[in-house]
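Asks: need coordinates for the below:
(2 chains)
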Amino acid sequence: MTRMEKSADFSRRALLKAGGALVVSIGAPVTFDFAQADAAMSPQTMGVPAMSVAVKPALTPDQLSSYVAVNADGTIAAYFGKMDMGHGIAVAIAQMVAEELDAPFSSVKMFMGDTATSVNQGGASGSTGVQEGGKQMRLAAAEARRVLVEMAADKLGLPADQLEVTDAVVHAKADPQKKVSYRELVGGRYFNVPLAWNGKIGNPLLAPGKAAPKNPKDYRVVGQPIKREDVAPRVFAQLDFCTDVKVPDMVHGRMIRPAVAGAVPVKVDESSIKDIPGAKVVWNQGFLGVVADKEWDAIKAMRQLKVEWSDAKPPFPDQTTAIYDYIRNAPVRKKEVAGKTVGDVEAAFKTAARVIEAEYEWPFQSHASMGPACAVVDIKDDQVSIWTGSQKPHFTRNGVAAILGVPAEKVHAVWIPGPGSYGRNDAGDAVMDAALLAKAVGKPVRLQYMRDQATGWDPKGPASIHRARAAIDASGKVIAYEFMSKGLPRVDVNSNESKPHDTLAGQLTGVALQSGDGFAVPQESYGFDNKLTYWETVAPLLDRGSPLRTSHLRDPVGPQIHFASESFMDEVAAALAMDPVAFRLQYVKDPRDIAVIKAAAEKAGWQSRPSPRKDQIGSKVSGRGFAYVQRGPTRVAIVAEVDVDRSTGKIWARKFTVAHDCGQIINPDGLRHAIEGNVVQGISRTLWEEVKFNSKNVTSVDWLTYPILDITEMPEVIESVLIDRPDIEPSGAGEPSTRPVAAAIANAVFDATGVRIRRVPFSPENVKSALS
Amino acid sequence: MNQSNSLQSYSLNVNGTVHKIEADEDMPLLYALRGDLGLNNPHFGCGLAQCGACTVHVDGQAVRSCITPVSAIGDSKIVTLAGLGTPEKPHPLQTAYIEEQVPQCGYCINGWLMTAAAFLRDKKKPTDDEIKTALEGLKCRCGTHMGILRAVKRASAMMG
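Replies: Here you go, the predicted structure:
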């Protein structure tokens, strides 16, 4: 089985000597060895470069050894610049590597998210684990196999085309006894093979070798439902989270945030915590934290410290739902026409026999990760070590280097699983705060936020409004469609923390927010004759240190846009008295889209009829709703079946049928689990989640004020139809099935009640009010 | 280093071993387990008894250690997730969790496993609704609820 290897001992050579399966206590003293290339790494002296070397070539994206190595014991080390945040991506990548190498799956050891062992492949990001990261690992593994077979040909004195590989042993096709193993060829040494790197880092990094990957018809490992091996250590409490990292002399930190957003400390009374052992204050402009030797003492110091704050009046609307009028009326900062524009929408609307229009609203939402973010930072002489749950440790390294004023190569970032993720959550702020605390107190600092800071102060998914209209001709045909998103930008702070202005620590120590821009439009293939989709953004509410600053939250801006666009398609179908599935099939053009729509409808036993139902009396009613989306190359269609209690407004999202096409499926078991989680989280965001605030601050600060779906409200059934397309490159599956959930529920509620709800969340209070 | 005058000595029986610690009487048990004893479980999730990530057994009852003062423990026996079972001798819930591949991030599992373990000990063959009610209020942000229910049912079946 594949392991998610720890690499607390940072010597890559030590890891390889130990066969990659080194298990080191996190608490052990750490040593650095960025074993960089020396004379031995460029053995060009004989005219022909050796394909393997004893000393590791530089860890650069253009080296095969940066992705894959054969350990001294014959196991395979795979160095992945992304990470597994819980969707089982480590298994999928190991399958792809094992497949291309013709090595046993159990021999592949995954190393992830460590700047000392992997290049920057973008971290966990945008559902690209397999789509981009896996693509690169597949290419690297294929190249490694090619090189190994070439070496074997030399050793066995046979042409490479007369050789094949079985379980990491290269042998003659004609005579299996003529053989040499990967271990014998290169075990414990490093590939010295250049790759054709495209010069990019992050998600778009691509560095193919000369080898082409396998034909999918020959797959033996890819496509198998192999289980995760990291589940067992989690349930036996043997797997450390970043909250569990301990280093010698470490102290505990806590941050102090203002009661009123934008306020900064003007007076801090350090004597107010003098009775707390080891307690110290760290104060720099708006940045205020405490440390103490023991964690409970740090919490006491945080609570006990007397602070006088500046008078601040953040420009927040005085109630949560006033944000929609703010967005409607605020000047447009940036506008962009996106998606497929067709024909002349304005002209077509002038000829319409009928126009259908609607507007939808989506609130700020929080990552509200299961635990508040945590980070450990240790500054020793000129070396900085950071342990973080951030999705982007390679970028974190740059951010910490910048805020500490040291070169990035002096910073070693190690990703350790954090308490949940789902995008640019509070982890990216915690690590930068911890760096400033550690620098100030001259000791390693472990910082964890408190619950109110995690929910109240993480970057938020943006609030938005969406306006749609459709022109219908006299025959009932849709002749024009226009869709507009207007909202807070999708990224006030970037989706990684490589720049101090993208973090609270940077902003609170004087670096102004540099809000990014951008929103998005629906991704679908409705083939209307005239079509225009565009987005607009408005300026952020507060220019620095805002609890309502925005950034990426699972499927960034996808749920809100497609809640609107797929609700609207349902509204058009209903206005035309058409079955919602039949309506979509009339206009959707892409064959893969058509296939997921049909698959979901068929699996759910969809009966063709228009919505709403009109055959129900009494307070308890049921309905079914449909939605379909694309997300990049991935397509998802979903049927939701809900029960609504009209007397209480309570919705039970009872059954979901999901048809999913992400091209080639690497691991159907992992995919099925990812879809289940996405649907449940999607229900939660639809029914419950809304970051509330007033004119002073965010008021959603815990699980009572930011409720999520409870187990007593979970669906009875989530069924998945996985459409496998082995010949189409695999695309993302980490987020797409989150995207259509809200619209499917909204459409089912309309089917049940005849009432269209156009604002999320569908809490009992909001639903009851909408139904009355 | 200053020594606070309020430090008291406590003996904590955790997973069958007695540990002596010194702590403020109002310090929650969670910080004794994580800080003084160095256990990597349970977890801090909210400090408000709203999520369950810190759950341990105190004399067999599922208790939120984040709000339970260390001074309230006395001679009670504490069992953490690490004491529930081992790879060699797993609790049926641990086996079921692995079989069903339940967790994503896994930070919440102390709450679900420890609460469900106490529940299944007292309630044989519960219905789905009884399981859900017993686990009401526990949080899982990754949305693994479908797997959690499957695993608890599987464990219940294994426990006969």
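
Asks: would you mind confirming that A:Lys696 makes contact with A:Ala263?
Replies: No - counting by C-beta atoms under 8 Å, A:Lys696 does not reach A:Ala263; the two are 9.1 Å apart. C-beta coordinates here come from the backbone N, C-alpha and C atoms, glycine included.

Asks: other SSEs contacting the helix of greatest length in chain A?
Replies: Determined from DSSP state H, the single longest helix within chain A is helix A:135-156. In terms of contacts (3 or more C-beta pairs under 8 Å, 6 or more residues apart in numbering or on different chains; DSSP states H and E), helix A:135-156 is packed against strand A:68-70, strand A:76-80, helix A:89-101, strand A:163-166, strand A:169-172, strand A:179-181, helix A:182-186.

Asks: how distant is that helix from the center of its chain?
Replies: Computed by C-alpha atoms, centre = their mean, to the nearest Å, the chain-centroid distance of helix A:135-156 equals 32 Å.

Asks: buried residues, that helix. List them.
Replies: By neighbour count on 16 or more other C-beta atoms under 10 Å in any protein chain shown, the buried set for helix A:135-156 is A:135-153, A:156.

Asks: do the same with stretch A:747-765
Replies: A:747-754, A:756-763.

Asks: any idea which of those residues is closest to chain B?
Replies: A:Pro761 (15.7 Å; C-beta to the nearest C-beta).

Asks: the closest one reaches A:Glu690, doesn't it?
Replies: Yes - using C-beta under 8 Å, A:Pro761 is in contact with A:Glu690, at 5.0 Å.

Asks: which residues do the two both contact?
Replies: Taking C-beta atoms under 8 Å, 6 or more residues apart in numbering or on different chains as the criterion, A:Pro761 and A:Glu690 both touch A:Pro363.

Asks: near A:Ala637, how many other residues are there?
Replies: 32 (other C-beta atoms under 10 Å in any protein chain shown).

Asks: tell me the contacts of it?
Replies: Contact analysis of A:Ala637 by C-beta under 8 Å, 6+ apart lists A:593, A:596-597, A:599-601, A:626-629, A:658-659, A:740.

Asks: in three-state terms, label B:Asn13 for me.
Replies: strand (DSSP: H, G, I helix; E, B strand; the rest coil).

Asks: excluding chain neighbours, give the residue nearest to B:Tyr107 in space.
Replies: A:Pro419 (3.8 Å; C-beta to C-beta, 6 or more residues apart in numbering or on different chains).

Asks: residues in contact with the one you found?
Replies: By C-beta under 8 Å, 6+ apart, A:Pro419 lies in contact with A:241, A:243, A:369-374, A:389, B:43, B:45, B:53, B:105, B:107.

Asks: one more time with 10 Å
Replies: Residues near A:Pro419 by C-beta atoms under 10 Å, 6 or more residues apart in numbering or on different chains: A:241-243, A:369-374, A:389, A:425-427, A:448, A:454, B:43-45, B:53, B:105-108, B:141.

Asks: narrow these to those in helices?
Replies: With DSSP H as the criterion, helices contain A:Ala427, A:Ala454 from among these.

Asks: out of the contacts of A:Pro419, which end up buried?
Replies: A:241-243, A:369-374, A:389, A:425-427, A:448, A:454, B:43-45, B:53, B:105-108, B:141.

Asks: distance of A:Ala438 from A:Ile299?
Replies: Here A:Ala438 is placed at a distance of 18 Å from A:Ile299 (C-beta to C-beta, to the nearest Å).

Asks: that should have said A:Arg469, apologies.
Replies: 53 Å.

Asks: looking at those two, which one has more neighbours?
Replies: For A:Arg469 versus A:Ile299, the count of surrounding residues by other C-beta under 10 Å is larger for A:Ile299: 22 against 19.

Asks: so the more buried one sits in a helix?
Replies: Yes - with three-state DSSP as the criterion, A:Ile299 is assigned to a helix.

Asks: let me know the helix or strand that the residue nearest to it when sequence neighbours are not counted is in.
Replies: Among residues not flanking A:Ile299 along the chain, A:Arg254 sits closest, at 5.9 Å (C-beta to C-beta, 6+ apart). For A:Arg254, the element it lies in under DSSP states H and E is strand A:251-255.

Asks: counting by contacts, list what the helix or strand following that strand packs against.
Replies: Going down the chain from strand A:251-255, the next helix or strand is strand A:265-269, by DSSP H and E. Under the contact definition 3 or more C-beta pairs under 10 Å, 6 or more residues apart in numbering or on different chains; DSSP states H and E, strand A:265-269 sits against strand A:280-284, strand A:287-292, strand A:306-309.

Asks: so for strand A:265-269, mean pLDDT?
Replies: Here strand A:265-269 scores 98 as its mean pLDDT.

Asks: same check, this time on stretch B:133-151
Replies: On average, stretch B:133-151 scores 98.

Asks: cool, stretch A:154-165 as well?
Replies: For stretch A:154-165, mean pLDDT is 97.

Asks: go through it and flag the buried ones.
Replies: Quick answer for stretch A:154-165 (16+ other C-beta under 10 Å): A:Leu156, A:Leu158, A:Leu163, A:Val165.

Asks: B:Lys125 is in contact with B:Ala157, correct?
Replies: Yes - taking contacts as C-beta atoms under 10 Å, B:Ala157 lies within contact range of B:Lys125: 8.2 Å.

Asks: out of the helices and strands packed on strand A:265-269, which is closest to chain B?
Replies: It is, among these and with distance given as C-beta to the nearest C-beta, strand A:287-292, at 10.0 Å.

Asks: the closest one pairs with which strands, parallel or anti?
Replies: Partner strands for strand A:287-292, per DSSP bridges, with pairing direction: strand A:251-255 (antiparallel), strand A:280-284 (antiparallel).

Asks: and those strands, which is most packed in?
Replies: Most buried of the strands paired with strand A:287-292, by mean neighbour count (mean count of other C-beta atoms under 10 Å in any protein chain shown): strand A:251-255, with a mean of 26.

Asks: now find how far off-centre it is within its chain.
Replies: 27 Å.

Asks: same check, this time on stretch A:708-722
Replies: Put simply, stretch A:708-722 sits 21 Å off its chain's centre (C-alpha atoms, centre = their mean).
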